[in-house]
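In: Fold the following.
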Amino acid sequence: MSRLWSAGDAAKAETPGDTAVSLIVQKQSGTNTVKIVHAVKQRLAELREVLPADIEVAVIRDQSRFIENSIHEVQVHLLWPRSW
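Out: Alright, predicted model coming up:
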């Protein structure tokens, strides 16, 4: 059991920090983080459909965004016209 606060939630929460359940998905060595994150998000979308309306599911940390942005930046710099 945990408490979850965010900037906009305090006003709508019955008490500061509604009760929450945290689930951590931890990367294993040799696995593809981006692929796993996408699979977890797909499964969360399926679960949202069967959860009661008052249950909110939120992704708090997502390492795939950092990885995808880093790959994009490398690709941009590899294709960047070189004048030297």
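
In: Could I get the phi/psi values of the residue nearest to the spatial centre of the chain?
Out: The residue lying closest to the centre of the chain (Cα atoms, centre = their mean) is D62, at 3.4 Å. The phi and psi torsions at D62 (degrees, to the nearest 10) take the values phi -140, psi 100.

In: and I36, how many neighbours does it have?
Out: For I36, the neighbour count with other Cβ atoms under 10 Å is 16. From N, CA and C alone the C-beta is placed, and that goes for glycine too.

In: That one: which element?
Out: Per DSSP states H and E: I36 is located in helix 33-50.

In: what does that helix contact?
Out: Applying Cβ atoms under 8 Å, 6 or more residues apart in numbering, the contact partners of helix 33-50 are V25, K27, V57, V59, D62, Q63, S64, I67, E68.

In: Could you export the helix or strand just after that helix as PDB, keeping only the C-alpha atoms?
Out: With elements assigned by DSSP H and E, the helix or strand that comes after helix 33-50 is helix 63-79. Provided in PDB are the C-alpha atoms of helix 63-79 (Å, rounded to 0.1, in the frame of the first residue of the first chain):
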ATOM      1  CA  GLN A  63      12.300   4.300 -19.000                       C
ATOM      2  CA  SER A  64      11.300   3.600 -22.600                       C
ATOM      3  CA  ARG A  65      10.700   7.300 -23.200                       C
ATOM      4  CA  PHE A  66      14.400   8.100 -22.300                       C
ATOM      5  CA  ILE A  67      15.600   5.200 -24.400                       C
ATOM      6  CA  GLU A  68      13.500   6.100 -27.400                       C
ATOM      7  CA  ASN A  69      14.500   9.800 -27.200                       C
ATOM      8  CA  SER A  70      18.200   8.900 -26.900                       C
ATOM      9  CA  ILE A  71      18.000   6.600 -30.000                       C
ATOM     10  CA  HIS A  72      16.200   9.400 -31.900                       C
ATOM     11  CA  GLU A  73      19.000  11.900 -30.900                       C
ATOM     12  CA  VAL A  74      21.700   9.500 -32.100                       C
ATOM     13  CA  GLN A  75      19.900   9.000 -35.400                       C
ATOM     14  CA  VAL A  76      19.500  12.800 -35.900                       C
ATOM     15  CA  HIS A  77      23.200  13.400 -35.300                       C
ATOM     16  CA  LEU A  78      24.200  10.500 -37.600                       C
ATOM     17  CA  LEU A  79      22.200  12.100 -40.400                       C
END
